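Colleague: Predicted model, plus sequence, below.
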Amino acid sequence: PMDLDILPPSEDTLTAKATPLSDLDKAKALILTKLAKEDMTKGALPTSVNVKWRPHIDDALDALLDEQQIALDGRTYTLIVKDEEPMPAPD
């Protein structure tokens with residue numbers, strides 16, 4: 001059993017407001033999602049997204065390349081997976 005008190009926010013409570021993503025950020029997320037599933041060619045990637053996002057694809061690809069989140073090898077885009085430190089083994 002547990003007691004739980006739910007109190008209304010007070011002036012001391014810090015509230016964060018969600019900032020909506022820009023169309024560029026949404027297009028970047030869409031590209032990263034697609035490339036996580038498979039590598040895609042320059043021609044296939046733009047045609048694989050909804051028409052609504054196509055005006056933002058070139059800018060999103062440029063931004064992702066600059067941020068080194070994706071790579072372009074010849075005509076194929078690939079997702080760059082950065083090595084993270086392995087989690088320590090449990091005792």
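Modeller: Yep, it's here.

Colleague: Now the worst-scoring helix or strand of the chain on mean pLDDT - C-alpha only, PDB.
Modeller: Across the helices and strands of the chain, mean confidence by mean pLDDT, DSSP states H and E is lowest for helix 44-47: a mean of 86. Extracted C-alpha coordinates of helix 44-47, given in PDB (Å, rounded to 0.1, in the frame of the first residue of the first chain):
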ATOM      1  CA  ALA A  44      14.600   6.800 -53.400                       C
ATOM      2  CA  LEU A  45      14.600   8.900 -50.200                       C
ATOM      3  CA  PRO A  46      12.600  11.900 -51.400                       C
ATOM      4  CA  THR A  47      10.100   9.800 -53.200                       C
END
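
Colleague: for the chain, longest helix please?
Modeller: Taking DSSP state H as the criterion, the chain has its longest helix at helix 23-37.

Colleague: residues in contact with that helix?
Modeller: 21, 40, 45, 48-49, 53, 56-57, 59-61, 63-64, 69-70, 77-79 (Cβ atoms under 8 Å, 6 or more residues apart in numbering). Placement of C-beta: from N, CA and C, glycine included.

Colleague: Okay, buried residues for it please.
Modeller: Using 16 or more other Cβ atoms under 10 Å as the test for burial, helix 23-37 gives 27-28, 30-31, 34-35.

Colleague: Quick one: list the elements packing against the next helix or strand after it.
Modeller: Where DSSP states H and E defines the elements, the next helix or strand beyond helix 23-37 is strand 40-41. Applying 3 or more Cβ pairs under 8 Å, 6 or more residues apart in numbering; DSSP states H and E, one finds that strand 40-41 makes contact with strand 76-79.

Colleague: what are the pairing partners of the strand it packs on, and which direction each?
Modeller: If you go by DSSP bridges, strand 76-79 pairs up with strand 40-41 (antiparallel), strand 70-73 (antiparallel).
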